[in-house]
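In: coordinates for the following, if possible.
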Amino acid sequence: MGIVSKAEFARQLHVSRARVSQMSGQGMPLTPGGRVNMKDAIAWMEAHVDMGHGRFSATIPDGQGSFSPAVALGSTAASTAPVPAAGRDGLLDPRRILLTARAKAALLAVRKAERQERQERRESGELVEAAEIIEAVQEIVINARNKLLSLSFRLAPRLAYETDTRRCQQIVEDGVLESLQQLSEYKPV
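Out: Modelled structure (predicted):
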């Protein structure tokens, strides 16, 4: 689901295939087969296409042909934030903002589909919460411990009267096998 062809990626972003090829030429990651992993591609786009990430709402030139997020927000705290590239007229390139918005929308759609798939797998019993697994394993270990500790109490009376070492060994072996059989049939709740 997360890996699509370049054409499908372009269709989902409402851009041309040439634009997707252009971005891959600029470093957008592709799979070894030349397909697009949507998560990786959108992460790359967020890092390389729209440096502003919507951190400011207005576009106010700082007098040097670029924009200062601090000036736009009326704050000095944002002055270390990356400055988005501005066009020749000093305004942000709306195509870059639109492309990033489309990429983010596509990523949200992928994440929503993945959440839905996880929910379906959880409902079908294919996925289980980690806490439930830990509890079941702890229950199995405690049951095995108790079963092995009870061996000495169960076998001691029979072994007390035996003088033949081979017979003692056989009694212990039979007791261990019986306990292992019972443990293999145990089903945690």
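In: distance of residue 150 relative to residue 176?
Out: Using C-beta to C-beta, to the nearest Å, we find residue 150 at a distance of 12 Å from residue 176. Where C-beta positions appear, they are placed from N, C-alpha and C, glycine not excepted.
In: so where do the strands sit in this structure?
Out: Using DSSP state E, the strands assigned to the chain run over residues 3-4, 36-37.
In: out of those strands, deepest packed?
Out: strand 36-37 (a mean of 20; mean count of other C-beta atoms under 10 Å).
In: for that strand, packing partners?
Out: Judged by 3 or more C-beta pairs under 8 Å, 6 or more residues apart in numbering; DSSP states H and E, strand 36-37 is in contact with strand 3-4, helix 6-13.
In: quick one: average confidence on the longest one?
Out: Read that as helix 6-13. What helix 6-13 shows for mean pLDDT is 85.
In: mind exporting it as PDB, just the C-alpha atoms?
Out: Coordinates of each C-alpha in helix 6-13 appear next as PDB, following Å, rounded to 0.1, in the frame of the first residue of the first chain:
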ATOM      1  CA  LYS A   6       5.700   7.100  -9.900                       C
ATOM      2  CA  ALA A   7       2.600   7.600 -12.000                       C
ATOM      3  CA  GLU A   8       0.300   6.600  -9.100                       C
ATOM      4  CA  PHE A   9       2.300   8.900  -6.800                       C
ATOM      5  CA  ALA A  10       1.900  11.800  -9.300                       C
ATOM      6  CA  ARG A  11      -1.800  11.000  -9.600                       C
ATOM      7  CA  GLN A  12      -2.300  11.100  -5.800                       C
ATOM      8  CA  LEU A  13      -0.500  14.400  -5.500                       C
END
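In: how about the helices in this protein?
Out: Applying DSSP state H to the chain gives helices spanning 6-13, 17-25, 38-48, 69-73, 94-123, 130-160, 165-185.
In: least reliable of those helices going by mean pLDDT?
Out: Comparing the helices of the chain by mean pLDDT, the weakest confidence falls on helix 69-73, with a mean of 36.
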